[in-house]
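Asks: Okay, here's the prediction I keep looking at, along with the sequence it came from:
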Amino acid sequence: MPAKSPAHPPSKSWLKITITAGETISDPIADFVCQLTGGVEQVPVATANAAQEQIVGYVENGPHAQEQLKRIAEYLAELADLTPGEGTTRLETEIIPDEDWNKAWKERFKPLPITAHLVIKPTWESYQPNPGEKVIEMDPGMAFGTGHHASTKLALEFIEALFHDKNTPPKTVLDVGTGTGILAMAAALFGAQEVLAIDNDPEAVVVAEENILRNALQPTITANGVALEEIPRQFDLVIANIIHDTLIELAAPLAAHLALNGKLIMAGILTGPQTDNIRATYTALGLKHLETRSEGEWSALLFTRP
């Protein structure tokens with residue numbers, strides 16, 4: 001899989017963190033480690049019994065390295081409790097000397113299609129889009145590669161499909177938990193007239209704003225940390241790629257911000273009981289379930305307000 005590059009400047013030494021896990025849980029592990037380290041690389045591992053991946057990240061070998069390592073270990077223990085059938089997850093560390101990380105990472109990155117009409121590319125690579133193709137430019141230090149996660153990819157596929165419906169493409173969009181801003185940017189590139197991207201993490205808002213500026217989408221997208229309950233209007237399209245428990249907590253306000261005949265895209269949901277629970281909860285609020293898409297263990301759901 002493509003790499004996500006460390007955002008940290010070079011230092012005298014680095015703590016290399018390598019996690020070997022089942023392929024079905026490697027993406028959430030990679031996302032968690034990426035939030036702490038600024039970037040990860042996911043490498044497939046050939047085994048006789050099951051598909052596995054190694055998630056490799058680097059943290060500066062300084063005072064906070066052990067604290068970050070402890071958080072990763074605690075997350076892996078929690079994930080193991082939630083996914084008992086996924087087998088053993090192995091965590092290894094190694095102290096390595098400094099080298100030119102930027103050069104090494106740049107050699108790995110190439111423009112990559114995420115959906116049929118959307119390509120993500122690093123800033124140093126040139127790319128001539130095909131007719132109808134849109135391009136999002138993101139630097140590795142700004143969480144490049146987020147679009148590779150199955151839940152993000154599924155949400156992007158729904159967004160693309162809605163904007164390619166010539167009868168009712170959304171004009172206004174609300175992206176809840178925007179992260180790097182990738183879903184908001186995709187909506188803007190596909191034709192949204194106004195996009196509000198919100199996140200309760202101030203660092204995520206900064207990253208989203210940088211990405212929006214880099215892609216010259218600031219006239220269309222506003223990113224900030226306003227609370228969902230404080231937004232006094234409704235939208236043609238509401239997007240929430242978060243996690244199941246938060247989607248359940250936010251069910252009422254998310255539904256309330258959806259305009260008549262509007263569409264709601266939700267992702268970050270595990271296939272199975274979580275998907276069933278989301279469908280039941282939002283249907284009980286008066287929304288109509290239109291479609292569920294799945295990839296591996298992840299699902300995304302599309303609803304409308306009839």
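Replies: Here it is on my side, so go on. Just so you know, these numbers come straight off a predicted model, no measurement behind them. Numbering: from 1, shown residues only.

Asks: Quick check: the gap between residue 229 and residue 188.
Replies: Distance, residue 229 to residue 188, using CB to CB, to the nearest Å: 24 Å. All C-beta spots, glycine's among them, are computed from the backbone N, C-alpha and C.

Asks: More neighbours: which of the two?
Replies: residue 188 (26 against 11; other CB atoms under 10 Å).

Asks: dump the residue contacts of that one.
Replies: Taking CB atoms under 8 Å, 6 or more residues apart in numbering, we find residue 188 in contact with 173, 195, 217, 220, 221.

Asks: for the nearest residue to residue 252 once chain neighbours are set aside, what are its contacts?
Replies: Leaving aside its sequence neighbours, residue 252 sits nearest to residue 285 (CB to CB, 6 or more residues apart in numbering; 6.7 Å). Contacts for residue 285 (CB under 8 Å, 6+ apart) come out as 251, 252, 255.

Asks: Which strand or helix spans the second one?
Replies: Take DSSP states H and E as the rule and residue 252 turns out to sit in helix 251-256.

Asks: what's the farthest-apart pair in the contacts of residue 188?
Replies: 173 and 217 (11.9 Å; CB to CB).

Asks: These two: which has the busier surroundings?
Replies: Neighbour totals were compared for residue 173 and residue 217, and residue 173 leads with 30 against 21 (other CB under 10 Å).

Asks: Strand partners (parallel or antiparallel) of the host helix or strand of that one?
Replies: Assessed by DSSP H and E, residue 173 sits inside strand 172-176. Paired strands of strand 172-176, with direction, are strand 194-198 (parallel), strand 235-241 (parallel) (DSSP bridges).

Asks: between the contacts of residue 285, which is nearest residue 154?
Replies: Among those, residue 251 lies closest to residue 154 (CB to CB), at 19.4 Å.

Asks: From residue 156, how far out is that closest one?
Replies: Note on residue 251: its distance to residue 156, by CB to CB, is 23 Å.

Asks: And for residue 64?
Replies: Using CB to CB, one gets 33 Å for the distance from residue 64 to residue 156.

Asks: Comparing these two, which residue is more hemmed in?
Replies: Set residue 64 next to residue 156 and count neighbours by other CB under 10 Å: residue 156 wins out with 27 against 11.

Asks: That one contacts residue 119, correct?
Replies: No - between residue 156 and residue 119 there is no contact under CB atoms under 8 Å: 11.2 Å.

Asks: Give me the helices and strands touching whichever helix or strand residue 15 is part of, please.
Replies: Element membership for residue 15, per DSSP H and E: strand 13-22. In this structure, strand 13-22 makes packing contacts with helix 23-37, strand 52-60, helix 65-82, strand 90-97, judged by 3 or more CB pairs under 8 Å, 6 or more residues apart in numbering; DSSP states H and E.

Asks: run the last query once more with 6 Å
Replies: In this structure, strand 13-22 packs against strand 52-60, strand 90-97, with contacts taken as 3 or more CB pairs under 6 Å, 6 or more residues apart in numbering; DSSP states H and E.

Asks: any idea which of these is most buried?
Replies: Of all the helices and strands packed on strand 13-22, strand 52-60 carries the top mean neighbour count, a mean of 22, counting by mean count of other CB atoms under 10 Å.

Asks: Just the CA atoms of the longest strand anywhere in the chain, as CSV, please.
Replies: The longest strand of the chain (DSSP state E) is strand 258-270. Extracted in CSV, the C-alpha atoms of strand 258-270 (Å, rounded to 0.1, in the frame of the first residue of the first chain):
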residue,chain,number,x,y,z
LEU,A,258,-30.4,17.4,6.7
ALA,A,259,-32.6,19.4,4.4
LEU,A,260,-35.7,17.9,2.8
ASN,A,261,-34.7,15.4,0.1
GLY,A,262,-31.1,15.9,1.3
LYS,A,263,-28.6,13.0,1.6
LEU,A,264,-26.6,11.7,4.6
ILE,A,265,-23.4,9.8,4.1
MET,A,266,-22.0,7.9,7.1
ALA,A,267,-18.8,5.9,7.2
GLY,A,268,-16.3,4.5,9.8
ILE,A,269,-18.7,1.7,10.6
LEU,A,270,-17.8,-1.9,11.0
